[in-house]
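Participant: this is a predicted model, with the sequence first.
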Amino acid sequence: MENRYDFNAIEKKWRAEWEKNPINVENDTKPRFYCLDMFPYPSGTGLHVGHWRGYVLSDVVSRYKVLQGFQVLHPMGWDAFGLPAENFAIKNNVHPKAATENNIANVKRQLHEISAIYDWDKEVNTTDPDYYKWTQWIFVQMFKKGLAYEKQMPLNWCPSCKCVLANEEAAGGTCERCGTVVTKRNLRQWMLKITAYADRLLDDLQELDWSDKVKKMQSDWIGKSYGAEVDFKIVGSDDKISVYTTRPDTLYGCSFMVLAPEYAGVAELTTPEQKEAVEKYCFDASTKSSVDRMTDKVKTGVFTGSYCTNPVNGEDIPIWVADYVLADYGTGAVMCVPAHDERDFEFATKFGLPIVQVIMPEGEEEKPLTEAYTGDGIMINSGDWNGMKAFEAKKAVPHIMEERGVGKKTTNYKLRDWVFSRQRYWGEPIPIVHCDCCGAVPVPEDQLPILLPDVETYKPTDTGESPLAGIDEWVNTTCPVCGKPAKRETNTMPQWAGSSWYFLRYVDNHNNNEMASLEALEKWAPVDLYVGGIEHAVLHLLYARFYTKFLYDIGAVPFSEPFQKLFNQGMITKNGKKMSKSMGNVVSPDELVENYGCDSLRMYELFVGPPELDCDWDDSGIDGVFRFLNRVWRMVFNYKDSNFTATKDEEFICHKMIYDITARLEALTMNTVVSGFMEYSNKLIDLGKKQGGLSVATLETLSVLLAPFAPHISEEMWKELGHEGSVFDASWPVADESKLVQDTVEIALQIAGKLRGTMEISTSATKEEAIAKAKEVLAERIGDGTVVKEIYVPGRIVNLIVK
Ligand code: ANZ
Ligand code: ZN
């Protein structure tokens, strides 16, 4: 070992060593830990420093678990179907498969630079037929259980990508990929009935060790609301209109009704005088996105000419049509209470409709409203209900409606069934055959996978069909049920399909007979720690949970929640913006590794900020981490003294370091682990200088603690301290509590409650001794003043009041 920290030589050496002798081998006598990264999409841009952040964090935990005596499953794979590869193919006239293979090779090379302990024998690739065979198999199981079905739907259509978009891909009314304004188009789609799992997806969140933030994002997306359905009889007809309301307490304040433009009864309700206006209005609405309709500042609408009757007071109220009411939520009809709902208030004000206040804040008097009052209070103008508290009325009214036969208590969800087909080439073919006699028939399981055939052009067609529709010899087949000529489904699955279950495949990725054996699943899964970006907090996690629950229900998986603990790392930005090739602000890790080494970059990735928060990247800070590793290196080199036994001071620092590093690592506050290393190593260096050496035991402890973070240098230190094998054969140290008691303690010094300094005193010091010493230390600050009061909190604070 030499004085200079030659990271290049050290890292090369240990990488080769680990390749020969992996530090994490299956050993069934050990307990198990499954540590999972969200697998990457192998993009042509490769990895940037933002990807590293999560991968380093999960590798630190994996290596830590190895040191704690676990056998760890830490796999890696590729989420490789999807639009970018296909768009690349169209542009450059290469097969998406070739482009994908290239990208995987490149990203894999970059991943090696991290020196993570991935078990490449467990690698999965969603575009591999041996993998998507099971993606298709799961679809067939869902079809058999009635959870996959076909539906004609007005769908988000991107005129530029020529592709149907899921709502989440069209958030804000524009295409997530290209930014084009999204329009609507009616097409036959495959749907997955995720709504059948809404309650379980919501209720089971409780048992998960996830952040409250992500749990809330999931539950908001599911959007369960409790309310009532109330029936309004149409004047001059026997029909009724049912509304969904979360505020049945406000029924007496309902002064008009609004229907969605798509509401089935609109035409019938419209009087001849209003026909032209209503038809034009409904047509205009059909071209707007649902997001715009919800958020448009200016309310628009049109009167149908008809009336219905408010069931509580018998008043006839006008029926309008307006696009702020959505067709696919609740019943598509809203009882409008302008006094207590902002949207209704705007609408009533604009069209001169009556505003009747029915809830008054306690202790106030009725006066004209200038805006909707949405708070709590006492019922007024509400017949029998006057004087009730609004929140009590809210609970009571649904039952009253039920008794009178004009409504019922009910719940609603924002969650919609999942549009599961894409009119694209680069995805899993949906394993269905359409037969004129038998309808939609699943491909028999022994014929899976249905291979994705080669096409001449990957371009999506503007008829809304996938490019597969153009391959006659592939499309034409025979019906698996009756044997007559039939046609294959030409839609493919969305990219989410492969990523909704990949964590199950890792545990048994070579299995040709099953998706994964129950035995292997029981052995390794569910995932103990799942690490990935916050951008997947809603959809990917919801879909993965849905798949797992479904597979649990059919007995294919022995648990119903896939990810016990979740950690979402924040995004790394550059100059405040998300890194992207088009922005030209991608920071590649390659050069940093070259200049500072893998260990420095690993530690710097963790040091940049609290790992759950977004953080702007600045290369320059890596120098500080690099210098820290150099200091550690020299400390081992200079102070290692085999004749030394640790002094009391040394033991205290060492055990405090074990205690703090372990606690911070357990809490995943990795930035504070790195700063802790810096702090403790400085203390040890000072002590080594003072003592003229440090014990080998202390330096060994430091090497083991540092090993998950900076594995190469730690291995070399370990060797220097006289060991033959790997530092990962050692055990994670445990702090000895008896060594943590200190003879002295640091006390805060305050004047009039303001921090003015600190001092060390003996833990056995009396109040008098503490105050005397404090006055000495603060003498300059006290100056000519007199101390009029002395407050002492033993072991913590001396506070002096000076006049
Ligand atoms: C009367 C009322 C009075 C309402 C009041 C609110 C406040 P959440 O909580 O999101 O479930 N609503 C019902 N169906 C709708 C639709 N298809 N499009 C737009 N709005 C709709 O919202 C439920 C409330 O949103 C319902 O309660 C209804 O307005 C409206 F002071 O009914 B409410
Ligand atoms: Zn048939």
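Facilitator: Structure received. Ligands and ions are numbered 1, 2, ... in the order given.

Participant: quick one, strands of the stretch 601-750 of the chain?
Facilitator: Listed in chain order, the strands of the stretch 601-750 of the chain (DSSP state E, counting those that start in this stretch) span 615-616, 640-641, 694-695, 744-751.

Participant: any chance of JSON lines for these, columns mean neighbour count and distance to ligand 2?
Facilitator: From N, CA and C alone the C-beta is placed, and that goes for glycine too. As requested, the strands of the stretch 601-750 of the chain are exported to JSON lines (neighbours: other Cβ atoms under 10 Å; distance: least, Cβ to the ion, whole Å):
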{"stretch": "strand 615-616", "mean neighbour count": "16", "distance to ligand 2": "58"}
{"stretch": "strand 640-641", "mean neighbour count": "18", "distance to ligand 2": "79"}
{"stretch": "strand 694-695", "mean neighbour count": "24", "distance to ligand 2": "80"}
{"stretch": "strand 744-751", "mean neighbour count": "17", "distance to ligand 2": "82"}
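
Participant: helices of the stretch 451-600 of the chain, residue ranges please.
Facilitator: Secondary structure of the stretch 451-600 of the chain, counting by DSSP state H, counting those that start in this stretch: helices at 472-475, 496-499, 502-505, 518-524, 539-553, 589-596, 598-607.

Participant: among these, which comes closest to ligand 2?
Facilitator: helix 472-475 (15.4 Å; Cβ to the ion).

Participant: ok, back up a step: for residue 730, which of the helices of the stretch 451-600 of the chain is the nearest?
Facilitator: Smallest distance to residue 730 across the helices of the stretch 451-600 of the chain (Cβ to Cβ): 17.8 Å, for helix 598-607.

Participant: so how far is the closest one off the chain centroid?
Facilitator: With Cα atoms, centre = their mean, to the nearest Å as the basis, helix 598-607 stands 24 Å off its chain's centre.

Participant: what's the local residue count around whichever residue of the stretch 451-600 of the chain sits closest to ligand 1?
Facilitator: Proximity of the stretch 451-600 of the chain to ligand 1 (Cβ to the nearest ligand atom) peaks at residue 538, 17.0 Å away. With neighbours defined by other Cβ atoms under 10 Å, the count for residue 538 comes to 16.

Participant: look up how far residue 566 lies from it.
Facilitator: 12 Å (Cβ to Cβ, to the nearest Å).

Participant: may I see the buried residues of the helix of greatest length in the chain?
Facilitator: What stands out as the longest helix in the chain, according to DSSP state H, is helix 670-691. Neighbour counts over helix 670-691 (16 or more other Cβ atoms under 10 Å) mark 670-674, 676-678, 680-681, 683-685, 687-688, 691 as buried.

Participant: next secondary structure after the worst-scoring helix or strand of the chain on mean pLDDT?
Facilitator: The least trusted helix or strand in the chain, going by mean pLDDT, DSSP states H and E, turns out to be helix 290-295, with a mean of 70. Following helix 290-295 in sequence order, the next helix or strand is strand 302-309 (DSSP states H and E).

Participant: strand partners of that next one, parallel vs antiparallel please.
Facilitator: Counting by DSSP bridges, the strands paired with strand 302-309 are strand 225-234 (antiparallel), strand 316-321 (antiparallel).

Participant: so which bits of the stretch 301-450 of the chain are right by ligand 1?
Facilitator: Proximity of the stretch 301-450 of the chain to ligand 1, by Cβ under 6 Å from any ligand atom, involves residues 325, 326, 329, 330, 332, 334, 335, 337, 340, 341, 412.

Participant: in strands only, show me these.
Facilitator: Judged by DSSP state E, strands contain the following of those: 334, 335, 412.

Participant: which stretches of the stretch 1-150 of the chain form strands?
Facilitator: So, for the stretch 1-150 of the chain - with DSSP E, counting those that start in this stretch - the strands run 32-37, 71-73, 77-78, 124-125, 148-158.

Participant: need the contact partners of the fourth one.
Facilitator: Think strand 124-125. Residues from elsewhere that reach strand 124-125, judged by Cβ atoms under 8 Å, 6 or more residues apart in numbering: 39, 75, 77, 78, 80, 104, 131, 502, 505, 506, 509.

Participant: give the buried subset of these as a PyMOL selection command.
Facilitator: Buried members of the contacts of strand 124-125, defined by 16+ other Cβ under 10 Å, are picked up in PyMOL with:
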select buried, resi 39+75+77+78+80+104+131+502+505+506+509
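
Participant: right, and the residue of the stretch 451-600 of the chain closest to ligand 1 touches residue 216 too?
Facilitator: No - if you go by Cβ atoms under 8 Å, residue 538 and residue 216 don't touch, sitting 10.5 Å apart.

Participant: so for the residue of the stretch 451-600 of the chain closest to ligand 1, what's the pLDDT?
Facilitator: On the pLDDT scale, residue 538 is placed at 91.

Participant: let me see the backbone angles for it.
Facilitator: phi -100, psi -70 (degrees, to the nearest 10).

Participant: quick one: it from residue 220, how far?
Facilitator: Distance, residue 538 to residue 220, using Cβ to Cβ: 8 Å.

Participant: same question for residue 99.
Facilitator: In terms of Cβ to Cβ, residue 99 sits 37 Å off from residue 220.

Participant: measure whichever residue of the stretch 351-500 of the chain sits closest to ligand 1 to residue 649 for me?
Facilitator: For the stretch 351-500 of the chain, the residue closest to ligand 1 is residue 412, as judged by Cβ to the nearest ligand atom, at 5.4 Å. For residue 412, the distance to residue 649 equals 66 Å [Cβ to Cβ].

Participant: just send the strands of the stretch 601-750 of the chain back as JSON lines, with mean pLDDT and distance to ligand 1 too.
Facilitator: Shown next, in JSON lines, are the strands of the stretch 601-750 of the chain (pLDDT from 0 to 100; distance: least, Cβ to the nearest ligand atom, whole Å):
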{"stretch": "strand 615-616", "mean pLDDT": "94", "distance to ligand 1": "34"}
{"stretch": "strand 640-641", "mean pLDDT": "88", "distance to ligand 1": "66"}
{"stretch": "strand 694-695", "mean pLDDT": "95", "distance to ligand 1": "64"}
{"stretch": "strand 744-751", "mean pLDDT": "88", "distance to ligand 1": "50"}
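
Participant: can you give me the domain boundaries for the protein?
Facilitator: What automatic domain parsing lists as the domains of the chain is 136-193+417-488, 225-412, 619-739, 743-802.

Participant: pipe the ones you listed into CSV and attach distance to residue 53 per row.
Facilitator: As requested, those are exported to CSV (distance: least, Cβ to Cβ, whole Å):
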stretch, distance to residue 53
domain 136-193+417-488, 23
domain 225-412, 31
domain 619-739, 9
domain 743-802, 34
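
Participant: quick one: closest of these to residue 15.
Facilitator: domain 619-739 (7.5 Å).

Participant: thanks a lot, see you next time.
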